[in-house]
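Novice: make a model of this:
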Amino acid sequence: MSRVDLYPRLEIALGLIAVAVGCASYFALTDTFFTAANTPSGRTILLVANLVPLMALLVLIGRRFVILRVNRRRGLAGARMHVRMVALFSAIAAIPTLLVVVFASLLFQFGTQFWFSDNARTVLQNAEQVAHSYVAENRQRIVADIEAMGTDVYEYANSYGVDSAGFADGLAFQVAARNLTEASVFTLNGEDYHIYASVGMTGTPLAQRILPTDIARARSGRASVLATASDRVEAIVRIDPLLERYVYVSRSVDPAVLQSAQRAEGAMNEYDALLARSKSLQWQFNLALFVIALLILAAAILSALWLANRLVAPIGRLVRAAEKVGAGDLAARVPVRNSPDEVGTLARTFNRMTRQLQAQTSALVSANEQLDARRQFTEAVLSSVSAGVISIDEDGHIRLVSHSAADLLEMSEDALGGMTIEEAVPEFSVLLEETRTSGQASGQVRIARGNDVQTLLVRMGGVSGGSQGYVITFDDITQQLADQRRAAWADVARRIAHEIKNPLTPIQLSAERLQRRYGNKIEEGGDTFRSLTETIVRQVGDLRQMVDEFSSFARMPKPVFRTESLLDIARQAIFLQEVAHSDFDYEMEIAPDLPAFICDRRQIAQALTNLLKNAAESVAARCKDGDVQGRIRLTARLGEPETLVVTVTDNGIGLPANQRDRLTEPYVTTRVKGTGLGLAIVKKIVEEHDGVLDLRDAEGGGASAVMSFDLAALQAHITQEPGIPEKVAVQQR
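Specialist: This is a model prediction of the structure:
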């Protein structure tokens, strides 16, 4: 069961328990059978039993109230701490309050039990009985005295007469002898009193002292003790029934004894009244403790709320400010009040820290912007130069690679970043060792990447003597060297053509004239003569063809760009080769969406003828045994972006394994009778048409020569309005 479900169920259970305990307590107190419930310990147990679930329920209600407040501020910092503090304060307040209630209840219960115990009641009863016994004793004595005195007074009346002096003296004697205070002899005629003699009678008249009930008891023949006076004991007795004569006597009682008796009786009455109210007082006290305990707990919850607000609010502000700082807002500050406590100190320290962070961050940002500007400048410089730049540490690990370096090495920057320079370019190892020794080194390095061989001009230098690494710069000079060789060979070809071509014509003419003049006159050895002169003419023709090639390479005419049909150019070139090599299969595929081709028709035709001728020779070399059917395929398509790609593919012997990078240089050939100028002329034509020549291995064997022309660049070279449609027809062969 989760905590979310536990608390609501606990609240319901505590509510039911509180109701059940309250009902049980009521029936236990009202039923006389449960006598144990009316004892002090029983009442305390009932008080605690009723108080515990209600206090726990009050704590949970306070917690729920706090949660409702927190839910309205959901997402704010310190919310959970708010709930925990209220719950903790409530529990801390509940436990001592409960203990105080139990102690006070027990103290009050046992105190009231002591004061209303049997011993205390016995003391009060004894005191009352002593006082009453004293009064009762005086009453008994006065009854005995008046009965005996009545007999004597009756004899005095018979002997002396009630009106005589002797009767009065006898009455005085009886009063003195019996220690009486007052005495009187009277007769009653209806309601009238007739007094014969009196001794010491003062104060209240006799008729007001004697009640009719007293007369009625005296007539019954017994002495009657009067109850009208509080400071004396009075009694009457009838001495003559016929004449209705009565004797009244009184004896004074000690006032202190009477007051003690009265106080003892009053105390006893008050004790009985308090005893009758004692249970009610006990329950009132317990109820007061019950209410006070709940009020204390409620006050504790309210105090916890107030204190939690005081503690959590600044912490919440601090947390929110810290979250803003964590999100990057270093301008966040905590509102600080003039409080000398630790929370205020923490807020001031936090603000001081954020100010320092903001200042330091601003300085770092400024420095980073300067570094970034320098980096961008450096990258711009590195990207604007064709040379590659690599920075390595003292152990040879690559730290920085320029785009040009990655392109020249045909590797990605990410791949180079995790390698050493020896692993990436093993050919640099010799120069690197020399650089580590002397501090700097330079030289030409040939590296092989697949079937291509590049010549790089490499320079290496140490940073701070090599302690902080080395910087390697290199550039691809393959094309530069090729251009230099081509320029040199062009100059040589021009000189050779000039020196050879002049004597060729007279040699040929002389040989032909000798053949015409002496061919029929020489009978002996005539065949030999004719064979020799024909050989001279034929070899002069071959030399003239070679000289023409030299002249074409050395003095390639400037192309004249016009809008031409690549389909027608390709068809004518293939037709010439089909006539010469009818045993090969020729295919031509021109894409239907090709635009008109801006070129020099004669030069492009020559380039296609040279490529098709090389392909035919390569196929012938492979198919001389007749086990493979020769195939030559010419395709043209649009590439990306705005590029015309013309490809000549064959299934011949393919490209040589060595000197692939020099196949387009003059006088580099793999054929015995080749001049090495065919591909050189093709490359020169392609370059003058803003194109690129690429020699590749064909799939399944053979070679592919790919010419890529930039159509946008060719558009700028047009020298004549187009005379054919923009789109050309397509012919599949």
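Novice: contacting residues around L612?
Specialist: A573, I574, L576, Q577, I632, L634, V648 (CB atoms under 8 Å, 6 or more residues apart in numbering). C-beta here means a position set from N, CA and C on the backbone, and glycine is covered the same way.
Novice: what's the distance between it and F584?
Specialist: For L612, the distance to F584 equals 10 Å [CB to CB, to the nearest Å].
Novice: pull up the overlap in contacts between the two.
Specialist: In contact with both L612 and F584: Q577, I632, using CB under 8 Å, 6+ apart.
Novice: looks to me like M201 is in a helix.
Specialist: No - secondary structure assignment (DSSP: H, G, I helix; E, B strand; the rest coil) places M201 in coil, not in a helix.
Novice: now do it against G462, distance only.
Specialist: With CB to CB as the criterion, M201 and G462 are 152 Å apart.
Novice: what's the answer for Q440, then?
Specialist: From Q440 over to G462 (counting by CB to CB), the distance is 7 Å.
Novice: related to what we said a few turns ago, so how do I select the buried members of the contacts of L612 in PyMOL?
Specialist: A single PyMOL command selects the buried members of the contacts of L612 (16 or more other CB atoms under 10 Å):
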select buried, resi 573+574+577+632+634+648
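Novice: contacts only, for V336.
Specialist: G344, A347, R348, N351.
Novice: tell me the confidence at the nearest residue to A680 once chain neighbours are set aside?
Specialist: Among residues not flanking A680 along the chain, P666 sits closest, at 4.5 Å (CB to CB, 6 or more residues apart in numbering). Per-residue pLDDT puts P666 at 71.
Novice: would you confirm that P666 contacts L679?
Specialist: No - if you go by CB atoms under 8 Å, P666 and L679 don't touch, sitting 9.2 Å apart.
Novice: so which of those two has more stuff around it?
Specialist: P666 (26 against 23; other CB atoms under 10 Å).
Novice: just the element for the more buried one, please.
Specialist: For P666, there is no enclosing helix or strand under DSSP states H and E.
Novice: check what pLDDT the residue most central in space within the chain gets.
Specialist: In the chain, the centroid-proximal residue (CA atoms, centre = their mean) is E323; its distance is 10.6 Å. E323 carries a pLDDT value of 81.
Novice: same question, P8
Specialist: pLDDT, P8: 65.
Novice: next: D585.
Specialist: On pLDDT, D585 comes in at 91.
Novice: V123 now?
Specialist: The model's pLDDT for V123 equals 64.
Novice: how about G443?
Specialist: On the pLDDT scale, G443 gets 86.
Novice: tell me the strands beside the helix or strand it falls within, with direction?
Specialist: Following DSSP H and E, one finds G443 within strand 440-449. Looking at strand 440-449 with DSSP bridges, its partner strands are strand 452-462 (antiparallel).
Novice: quick one: buried residues of the strand it pairs with?
Specialist: Q454, T455, L456, L457, V458, R459, M460, G462.
Novice: need the contact list for the first one.
Specialist: To tie it back to what came earlier, the one meant is Q454. L408, R446, I447, A448, D476, T478, D661.
Novice: give me every residue that touches the spatially closest residue to the third one that is not a sequence neighbour.
Specialist: Counting by CB to CB, 6+ apart, the nearest residue to I447 once its immediate chain neighbours are dropped is E427, at 4.8 Å. Applying CB under 8 Å, 6+ apart, one finds that E427 lies in contact with V445, R446, I447.
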